[in-house]
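**Q** Sequence plus predicted model, see below.
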Amino acid sequence: MLWSTSVLSTLSSDTEPSVVIAFDSAKYLFNVGENTTRSYLQSRQTWRKTKGLFLTSISTQRTSGLPGLLMTFADAGRSQVRVTGPSGLLHLIASMRRYTYRENLDVTPSEVPLVPDDQPVYKDENITVFALPINPTLEESQDEDVLGCSDDADRHSKVLKRKRDTSPERPVKRGSNSRTGPEPEPSVAIDELMERSDFDPTSLKGDRAQAWRRHIVKLMFPATQAPQSTGNGDKNQKGKRKGKEDTIKPSPDEHPSTGYVQQPLGLKRSLPAPDRSLVGSSDQQLRPTLAYAIHGPRIRGKFDAQKAEALGLKQGPLRAVLARGQTVTVQVDDGCGNLFDREIKPSDCIGEGTPPGIVLLLDTPTLAHIPDLLAGFADGGPFAKYRQPESKDHDVRVIHHLCGDGVLEDERYRALMNEFGPDVHHVVASRRYLPDPVTFTSAAYSQLRLNQLDSDIFPTPKFTLGAQKPLEGVTGLPAGTLAMQAGLSVSIHPPRTPAQDENTRKFDLFHPAVCSDSLIKLPDPILSSFSRAWAVVQSFSGDPEADKIPGKDVVVCTLGTGSAIPSKFRNVSATLIHIPKHGYLLLDAGEGTWGQLVRKFGRDPSSSSNVWQMLRELKCIFISHIHGDHHIGLAKLLAMRQRLDPPSKEPLYLVANHTVFQYLRDYDSLEMLGLQTGSNNPVILVPVDAIHWLKSSPSEGSNRNGSRPWYAAVHADLCASLGLRSLQTVDVEHRTLCHGLIIKHTDDWSIVYSGDTVPVHRLVQAGQNATLLIHEATMADDEADKARAKMHSTVGQAIDIGKQMNAYSILLTHFSARYPSMPQSMLTNYAPGEPIVALAFDHANVRIGDMRKMHAYMPAIEQNFAELDDDDDATAQVAEVDIT
């Protein structure tokens, strides 16, 4: 039986480590960090046959790609997947309920308690998986609050039972909105509680709270089989279908089999807080993790036909029985004409088999995790047996090491590595010892070509091909230690040495080109188109009116310009606006936004404009709606902001609707995002209806969670931080509650952002005379009916909105993945008095004053994409998914 392990993605600015175990009949994925789906597309590996997902930690580092991948599986026709992870997994999946729904997918979550156990957590015909919980030892934690406690008991209490404070969105007296009622009687069924208007799920505890979460997961994925109940009343009853008004809204571009189902009242309410004693701390540095041991099948020995013949076992069905490991009895002649029964054991005819190959995955994020890891491998520990190098019961072949800062240098950890056999391959992911090449090289290669057209608008993404320190410089590492690289694979059976996937090199045109001493040699048609574009730009470059454009130095960086799912050249929605001398404002944050930001700004600590400085200067994030392609990257971004040290001097304002806030609050109980009062890097939540454009002032905003004067003060502070006169929302029309944004600056420029919508007159009214309209253009003009059915706009419709608005310029974005490079544009030459129209591309930096230049570049950019080789494999994978 052939099977192997391969690295889908490694530790980089774009991705976190993910490992695939592959058999002919099935695949198993370990960790689903951000950009996992896009990594499949780039690597040309396929997600087909994926049977199980395994998570080492419930954190944004290890799970940010989970909702996107689950929806992709469902839309590609995958009907069933098992998800295994630490305690807190149910809470994690249930927290996604407002934006992750697929009727045709059976998702079976399996939580691993944070207590060692010698029972497998998963078993099928290919693999048996064991898990080792790794809890951080608090004495070794660098958390100052923890070190300030008086004794071990206090430290444990402080970390694992830290009180979750109310979000800054609630300025009224604490308690009136956060008090929970008594827990209901055990006799009341979960599905009955789900329908009660007066029930507060946060009152549930223990097994009943888990039953509630399981029921929610089943509502999210109705194909899921009813799990075994761990509490009274967990009926897992599927809701009846009702009309459109009372429905769960599927995420955009769902599979045709996805329908509308009843949305019970309980689905809209907050989840019960997870039990700290079960899930561990919400502090990023104190998250418990799991180590996994993956056992492959035992490979039987070779059948010796000559021995079988000599023992009297003729060809026939009994040989097959013997090959299956069962003893058989045959009649043989004793040489004197007498027959007697001979018992033949498998060992009589079958050679010694090969013990099961073992793959280990160790996730050790901090030094505080090392003692518990060592205890698991020590004599008497659950994983002690894997240290025996010549065991007949197993053969450890590969160990994947996910190491946080300082772990690999720790002599205790290196001593553990050396306790395994000399033939074990150690694959290490440690940021200090890894280079940081670009992961999504197809998009980067296109950007590099366009860099010759305009190096300011199309900058080369930040990357490094050398590690901060060489892995070989770490003393005492085993001989078989390798740096983890995407595409690195090891065949477990038959045993082979590690090898790099040829496709990784074959399809990487970016790094050889960017490292060359000369510029890329572009085809003559592209060079000609570039020359024509430069000539057009030269014809108006001396126009004195250009310096009079309001906000001409405001920069719009389109980080993600695709919709629904990422494609080869486009990530999902995110647009960064830089207001000189004030800071940054982010419009939506689809999955992978953090990686896009790091590739734009870099991590270089010596740079005054690195990504950490950008985070300090990020003043506001606006999330238009709850669909995953617009906000799945938000939690990762907020989690990374919590790492700022020293903390940011100013808060981050988050403008969104209540469904986004509910998701964040539910997730914040697993990992701190800055929503708690007293956070070092606080986030202030501003409801979209509190700053609606039809309100004469923010003081007329909704009183959902706080006093009206408080919103007025928050609005004033937010605007002051960015030099704005006003920041207002406008409701647009989409498949779920969605808002656009109107940004007006004191220097008399304005930007209007549409969010996802069909053409709406309200946006025209609210954004009259905009300097720049950023409008979604999901579909080409020949698909207007499909656009309307999916509540999106076409290219032509978006341009018409800009004309009605009397906008100076229009930037079109949010293109369907069916147009991986450029949509069928209806762009015409610029005419005075008409809006300047341009298409958005990932990582393009466009000054408002350069919009006319960007428009002039469109034919050259189109020629660039036409000359790029088409990728049938990546296109086929995207084609599996029902996209807009």
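**A** Thanks, I have the structure now. Numbers count the residues shown, from 1 in each chain.
**Q** can I get the CA coordinates of the host helix or strand of residue 448 in CSV?
**A** Here residue 448, judged by DSSP states H and E, is contained in helix 441-451. Extracted C-alpha coordinates of helix 441-451, given in CSV (Å, rounded to 0.1, in the frame of the first residue of the first chain):
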residue,chain,number,x,y,z
THR,A,441,4.1,32.7,-7.2
SER,A,442,1.6,32.9,-10.2
ALA,A,443,0.2,36.2,-8.9
ALA,A,444,3.7,37.4,-7.9
TYR,A,445,5.1,36.7,-11.4
SER,A,446,2.3,38.7,-13.0
GLN,A,447,3.1,41.5,-10.6
LEU,A,448,6.8,41.3,-11.5
ARG,A,449,5.9,41.7,-15.2
LEU,A,450,3.7,44.6,-14.5
ASN,A,451,6.4,46.2,-12.3
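**Q** would you say residue 782 is within a strand?
**A** No - counting by DSSP: H, G, I helix; E, B strand; the rest coil, residue 782 is not found in a strand; it is helix.
**Q** And it, how far from residue 476?
**A** From residue 782 over to residue 476 the distance is 64 Å, taken as Cβ to Cβ, to the nearest Å. The C-beta positions use only the backbone N, C-alpha and C, and glycine is treated the same way.
**Q** swap in residue 747?
**A** Noted for residue 747: a distance of 60 Å to residue 476, by Cβ to Cβ.
**Q** the more surrounded of these two?
**A** Using other Cβ atoms under 10 Å as the criterion, residue 747 and residue 476 rank with residue 747 on top: 16 against 11.
**Q** Which parts of the stretch 401-550 of the chain are strands?
**A** For the stretch 401-550 of the chain, the strands identified by DSSP state E, counting those that start in this stretch occupy 425-429, 481-483, 488-493, 499-500, in order along the chain.
**Q** which one of these is the most hemmed in?
**A** Of all the strands of the stretch 401-550 of the chain, strand 425-429 has the most neighbours on average by mean count of other Cβ atoms under 10 Å, namely a mean of 23.
**Q** so what does it touch, helix or strand wise?
**A** With contacts taken as 3 or more Cβ pairs under 8 Å, 6 or more residues apart in numbering; DSSP states H and E, strand 425-429 sits against strand 395-403, strand 481-483, strand 488-493.
**Q** hmm, 6 Å instead?
**A** Where contact means 3 or more Cβ pairs under 6 Å, 6 or more residues apart in numbering; DSSP states H and E, strand 425-429 is packed against strand 395-403.
**Q** circling back: with mean pLDDT and distance to residue 609 as added columns, please give the strands of the stretch 401-550 of the chain in JSON lines.
**A** Converted to JSON lines, the strands of the stretch 401-550 of the chain look like this (pLDDT from 0 to 100; distance: least, Cβ to Cβ, whole Å):
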{"stretch": "strand 425-429", "mean pLDDT": "98", "distance to residue 609": "27"}
{"stretch": "strand 481-483", "mean pLDDT": "97", "distance to residue 609": "28"}
{"stretch": "strand 488-493", "mean pLDDT": "96", "distance to residue 609": "33"}
{"stretch": "strand 499-500", "mean pLDDT": "94", "distance to residue 609": "34"}
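**Q** Where does pLDDT dip in this structure?
**A** The chain contains residues with pLDDT under 70 at 139-181, 187, 225-262, 696-707, 824-829, 869-884.
**Q** so where do the helices sit in the stretch 651-800 of the chain?
**A** With helices called from DSSP state H, counting those that start in this stretch, the stretch 651-800 of the chain shows them at 658-668, 708-722, 761-766, 784-789, 795-805.
**Q** ignore the last one, the stretch 501-650 of the chain
**A** 502-506, 510-514, 524-540, 593-601, 611-617, 628-631, 634-641.
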